[in-house]
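**Student:** would you be able to build a 3D model of this:
(chains A and B)
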Amino acid sequence: MNGKTEVSFTVNGEEQLLNVDNRTTLLDALREHLHLTGTKKGCDHGQCGACTVIVDGRRINACLTLAVMHEGDNVTTIEGLGVPGNLHPMQAAFVKHDGFQCGYCTPGQICSSVAVLEEIKANIPSHATSDLTQQAKISDIEIRERMSGNLCRCGAYSNILDAIVEVAEARP
Amino acid sequence: MKAFTYERAATAEAAVQAATKNPGAKFIAGGTNLLDLMKLEIETPQHLIDVNGTGLDKIEVTPEGGLRIGASVRNTDLAANETVRRDYGLLSRALVAGASGQLRNKATTAGNLLQRTRCPYFYDPNQPCNKRQAGSGCSAIGGVTRQLGVIGTSDACIATHPSDMAVAMRALDAEIETVKSDGSTRSIPIADFYRLPGNTPHIETILQDGEFITAVVLPKPVGGKQIYRKVRDRASYAFALVSIAAVIQPDGRGRVAVGGVAPKPWRMEAAEAELAKGARATSGILLDGARPTDDNRFKIDLVERTLGAVIAEARV
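**Tutor:** Predicted structure coming up:
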């Protein structure tokens, strides 16, 4: 019985080749094998959103997917969005609006926020979308609904919302 | 998590053959429920067959004017599909009422149908559960049952089916297309797909060992006002206490399926004949024979009130 599999995928623009135990989640591959510890392990059961990363343009819970299922995929983590001195606009907006307290959920919140604005642009509906036949629009209620998979136990939600709205309004 | 071997299947046929060769194997697509259960060692497959590469990710109009939805179409893509939004709005609404954006980006059509209950006793390996371990007993009965089932349940199990999507699929008379281990195919009306628990709550569908879902097919659009109303403890990201999937025609006739109350999406065609008389008459027949607990008796009234709100909304 071979419990290991070779897999290659791109993380933040860099090609990675791993030979991992099949049980390794994408989250553990990022943190334990590639030492990208920006992505956080919260509940490890897909309930809190702290592990949110962007894979092939879509946000997912890295804890609920196996690394070996990502052959050829393109993964972006918080480290790939921006770095100190060259922050992604969403990272800068979270700092400006104080969109965190302890900061543990923040990488997941920011990855999710970036993807949420893309989802609205791509006209993907949400529970808060009033008319399915119209282009989805950015609004407080849309952003709150779409961010419901990211929990913040410090309760920084209103500042997180302010940060996302500012980036949304600044976009062309 | 227990150790397992892993392979990627390139076609549905290859997936079925791999399952035949590896008893105790499971198919994995989104993995959002299966991996969670594997971490808790509630699911312990010895072999995983990754079916993401089988090309079953398309949504196509059928020659009959319906819609064939590939088994691995993601919940996000199904909810966002233009034809679904226009002609099967109920389905789109049910999908976006469920889970979170992250989960919907991974979760698939077939996986959503096959997800396991969220009964807290099923998830707690320290307590007996007939669904998790056949014959071990039910801890939910006599326990905390507010979220649990009121109809279609048995003395062995009072768990509910957690899906929102399946409730809409039931109202839309979806059919589930499969390949069996001998290579033959069949199409199963969703009304026949789920089994009630009886004495065997660990057996949840009529699928045979190694049988593989390839698509879910919707008949041609039925029109009408299509409404999915979900009542839950939070405004977002929570399972339904009660949900109603309804198609109401201008003359008041229609279809109603209910979620959050039973081990499967609950629909009684006989109740639909009462729709013109209102919510009380309809829900009376729908929930006839219900066996609620003291903790979840409120669901009986909640179905009636939610259905009343849906009928009122359809008249606007």
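**Student:** does the residue most central in space within chain A count as helix, strand or coil?
**Tutor:** Centroid check for chain A by Cα atoms, centre = their mean gives A:C111 as the closest residue, at 3.0 Å. Following DSSP: H, G, I helix; E, B strand; the rest coil, we place A:C111 in the helix state.
**Student:** and the nearest residue to it once chain neighbours are set aside, how far from A:I164?
**Tutor:** Leaving aside its sequence neighbours, A:C111 sits nearest to A:T52 (Cβ to Cβ, 6 or more residues apart in numbering or on different chains; 4.6 Å). No exception for glycine: its C-beta is placed from N, CA and C like everyone else's. Computed as Cβ to Cβ, to the nearest Å, the A:T52 to A:I164 distance reads 14 Å.
**Student:** give the contact list for the closest residue to chain B within chain A.
**Tutor:** Using Cβ to the nearest Cβ, the closest approach of chain A to chain B is made by A:G149 at 2.5 Å. Neighbouring residues of A:G149 by Cβ atoms under 8 Å, 6 or more residues apart in numbering or on different chains: A:G49, A:T52, A:N61, A:S112, B:A99, B:S100, B:G101, B:Q102, B:L103, B:Y237.
**Student:** in chain B, which spans are helices?
**Tutor:** Remark: helices assigned in chain B by DSSP state H are B:12-21, B:34-39, B:75-80, B:82-87, B:89-96, B:101-106, B:109-114, B:165-171, B:190-193, B:269-272, B:279-286, B:298-315.
**Student:** what does the stretch 201-316 of chain B put close to chain A?
**Tutor:** The stretch 201-316 of chain B comes close to chain A at residues B:A235, B:S236, B:Y237, as judged by Cβ under 8 Å from any Cβ of the partner chain.
**Student:** which ones are touching the first one?
**Tutor:** Contacts of B:A235 were listed using Cβ under 8 Å, 6+ apart, and they are A:E145, A:S148.
**Student:** thinking again about what came up before, got the confidence number for the residue nearest to the centre of chain A?
**Tutor:** On the pLDDT scale, A:C111 is placed at 98.
**Student:** can you check B:V316 too?
**Tutor:** We have a pLDDT of 84 for B:V316.
**Student:** ok, now A:P172?
**Tutor:** At A:P172, pLDDT is 63.
**Student:** the spatially closest residue to the residue of chain A closest to chain B that is not a sequence neighbour - how many residues pack around it?
**Tutor:** Closest residue to A:G149 apart from its sequence neighbours, by Cβ to Cβ, 6+ apart: B:S100 at 2.5 Å. The tally of other residues near B:S100 (other Cβ atoms under 10 Å in any protein chain shown) stands at 26.
**Student:** wait, B:A156 sits on B:L196?
**Tutor:** No - B:A156 lies out of contact with B:L196 (Cβ atoms under 8 Å); the separation is 10.5 Å.
**Student:** the more surrounded of these two?
**Tutor:** B:A156 (19 against 15).
**Student:** more neighbours: which of A:T52 and A:I164?
**Tutor:** When A:T52 and A:I164 are compared for neighbours, A:T52 comes out ahead with 32 against 28, by other Cβ under 10 Å.
**Student:** residues touching the more buried one, list them.
**Tutor:** By Cβ under 8 Å, 6+ apart, the neighbours of A:T52 are A:39, A:59-62, A:107-109, A:111-112, A:115, A:149-150, B:102.
**Student:** kindly report the same for B:G152.
**Tutor:** So B:G152 contacts B:L196, B:P197, B:V261, B:A262, B:P263, B:K264, B:W266 (Cβ under 8 Å, 6+ apart).
**Student:** for B:M268, same thing?
**Tutor:** Per Cβ under 8 Å, 6+ apart, neighbours of B:M268: B:I285, B:L286, B:D288.
**Student:** for the residue lying closest to the second one once chain neighbours are set aside, list the residues it contacts.
**Tutor:** Residue nearest to B:L286 in three dimensions, not counting chain neighbours: B:A271, with 4.2 Å by Cβ to Cβ, 6+ apart. Each residue near B:A271 by Cβ under 8 Å, 6+ apart is listed here: B:V256, B:T282, B:S283, B:G284, B:I285, B:L286.
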